[in-house]
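In: Need the 3D shape of this:
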Amino acid sequence: MSTEQSTPADGFSYHLTRTLSAPVAKVWQAWTTPEQYARWAYAVAGSVEMDVRPGGAWKATMATPDGEQVPLTGSYLEVVEHRLLVVGMDVPGKSAPAAMTMELDEQDDRHTRIGLHQTCDTAEECAMAEQGSTMLLDSLTAFLA
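Out: As a prediction, the model looks like this:
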């Protein structure tokens, strides 16, 4: 996995990449099917709803390691099947959603390169988002194995 962090004029960002041992269609299904997403993304079973289209809504209740349950909501800002998801997450007190970009690049019929990118307002937000995205990639890698 490679990781890159930068501080552009408009915020703090990270970019994570990893090559997964799965075809692009299988990776896409893991991100866009509620039952599969719940199995690897720390979501409470039955809490995930997805309308995967530009402007479509999503929601999930995430379970933290200490047993807390955190409800999350948002929308899909951009969707290109098997290539790109830009996911907006509603953040209390902010007028615009926090957006995370997930890009897929099929390497061959058994390997997919995934990239996650997000820009945040503060270094602290960026560090927390990067940590969460790293955990998601670790869990996704195990799920697809």
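
In: tell me the mean pLDDT for stretch 126-134?
Out: When the per-residue pLDDT values of stretch 126-134 are averaged, the result is 91.

In: So what's the gap between it and the chain middle?
Out: Average the C-alpha atoms of stretch 126-134, do the same for its chain, and the two points are 10 Å apart (Cα atoms, centre = their mean, to the nearest Å).

In: Which helix or strand contains A129?
Out: Assigned by DSSP states H and E, A129 belongs to helix 123-144.

In: Off-centre distance for stretch 128-142?
Out: In terms of Cα atoms, centre = their mean, the gap separating the centre of stretch 128-142 from the centre of its chain is 8 Å.

In: What are the contacting residues of it?
Out: Residues outside stretch 128-142 that contact it (Cβ atoms under 8 Å, 6 or more residues apart in numbering) are 1, 3, 5, 14, 16, 18, 20, 27, 30, 40-42, 98, 100, 114, 116, 118, 120. Every C-beta, even on glycine, is put in place using the N, C-alpha and C of the backbone.
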